[in-house]
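Participant: generate a structure from the sequence data that follows.
(one chain, ligands or ions: 2)
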Amino acid sequence: MAQTLNISLKFNHLLFNSLLKQRCLLCSAQDGGEHGLCNGCLNDLPWHTAPQCPQCGLLSNGLVCGSCLNTQPHFDATHSLFTYDFPVDAMMQRYKYGSMLNLSHIFGQLLGKKTNLETVDLVIPMPMHPTRLKERGFNQALEIAKILVENHAEKLDYKSAQRQKLTPPQASLPLKERVKNIKGVFKVSENLTGHFKDKCIAIVDDVMTTGASLNELAKTLKQAGATHVECWVIARTLPK
Ligand SMILES: [Zn+2]
Ligand SMILES: [Zn+2]
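Facilitator: Ligands and ions are numbered 1, 2, ... in the order given. Purely as a prediction, here's the structure:
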């Protein structure tokens, strides 16, 4: 009897501990820290900190790169948390396909540390077409943006810009076809003329590869009057 009580107390103690402290998502170490990752795993992530082009986030000597000088993107700056590399690529796949939805918290909180909400008027998560939203059940960029703006919920705007055309997913296309695929895809609600006028906007997205979607949305927002548009992304794909 005493032994049963002992075991049951021990079990309650373990349960209590695991509720208080979540384990590290990557290595299962006991201390998952404030972001659900232990310090070792957090430090080992591929942080996107190498000298880079401030406009597109690709590696450079820290100045605007040749590609941006040649063809000016419509967005003015890019802030990426990670380079799209292991294990962030694996985490992103699990996040997007729904088996690790709570990664939105880690991504949103860390992106919040890298960026400054005070510098923008609006935060717009990359819009998803209603058909895709129905298939997936959630918009991965919106879930991250919700965490990011936690204390400035008034800045979140996920309705005014929409995806009006259903196109094949960018990731399914060769890099060269992505610009064509995304052309004219976004629209701004007509009854919102003036909504974006003179605004500084951050577009939140999960992964930036060619930047074609971000560029097209930035173009749409600038045509609607925005003066400054930045890309705030979780991971930047670097050319191999
Ligand atoms: Zn760990
Ligand atoms: Zn660049």
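
Participant: what does this structure have sitting close to ligand 2?
Facilitator: Within reach of ligand 2 by Cβ under 5 Å from the ion, the chain has these residues: 53, 55, 56, 65, 68. Every C-beta, even on glycine, is put in place using the N, C-alpha and C of the backbone.

Participant: save those residues as a markdown table, and put in secondary structure too.
Facilitator: Listed next are those as a markdown table, based on DSSP: H, G, I helix; E, B strand; the rest coil:
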| residue | secondary structure |
| --- | --- |
| 53 | coil |
| 55 | coil |
| 56 | coil |
| 65 | coil |
| 68 | helix |
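
Participant: so which pair among the residues you listed is furthest apart in space?
Facilitator: The distance between the two most remote of the residues of the chain next to ligand 2 (Cβ to Cβ) is 7.4 Å, for 55 and 65.

Participant: who has more neighbours, these two?
Facilitator: Legend: neighbour count by other Cβ atoms under 10 Å for residue 55 and residue 65, higher for residue 55 (22 against 18).

Participant: what's the separation between residue 222 and ligand 1?
Facilitator: Between residue 222 and ligand 1 the distance is 42 Å, computed by Cβ to the ion, to the nearest Å.

Participant: which ones are touching that residue?
Facilitator: When contacts are counted by Cβ atoms under 8 Å, 6 or more residues apart in numbering, residue 222 touches 74, 229.

Participant: give me the next element, helix or strand, following the worst-scoring helix or strand of the chain on mean pLDDT.
Facilitator: Between all helices and strands in the chain, the lowest mean by mean pLDDT, DSSP states H and E belongs to helix 2-20, at a mean of 49. On the C-terminal side of helix 2-20, the closest following helix or strand by DSSP states H and E is helix 39-44.

Participant: what does that following helix contact?
Facilitator: 24, 25, 26, 27, 29, 31, 33, 35.

Participant: filter those to the buried ones?
Facilitator: In these, burial by neighbour count holds for 24, 25, 26, 35, counting by 16 or more other Cβ atoms under 10 Å.

Participant: would you list these in CSV and tack on pLDDT and distance to ligand 1?
Facilitator: CSV is the format used below for the buried ones among the contacts of helix 39-44 (pLDDT from 0 to 100; distance: Cβ to the ion, whole Å):
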residue, pLDDT, distance to ligand 1
24, 91, 3
25, 88, 7
26, 90, 5
35, 84, 11
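
Participant: of all the residues you listed, which two lie farthest apart?
Facilitator: It's 26 and 35 that sit farthest apart of the buried ones among the contacts of helix 39-44, by Cβ to Cβ, at 11.0 Å.

Participant: wait, what's in contact with residue 227?
Facilitator: Counting by Cβ under 8 Å, 6+ apart, residue 227 has contacts 198, 199, 200.

Participant: output those in CSV; the columns should cover pLDDT and secondary structure.
Facilitator: Below are the contacts of residue 227 laid out as CSV (pLDDT from 0 to 100; DSSP: H, G, I helix; E, B strand; the rest coil):
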residue, pLDDT, secondary structure
198, 96, coil
199, 97, coil
200, 98, strand
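
Participant: cool, thanks, talk later.
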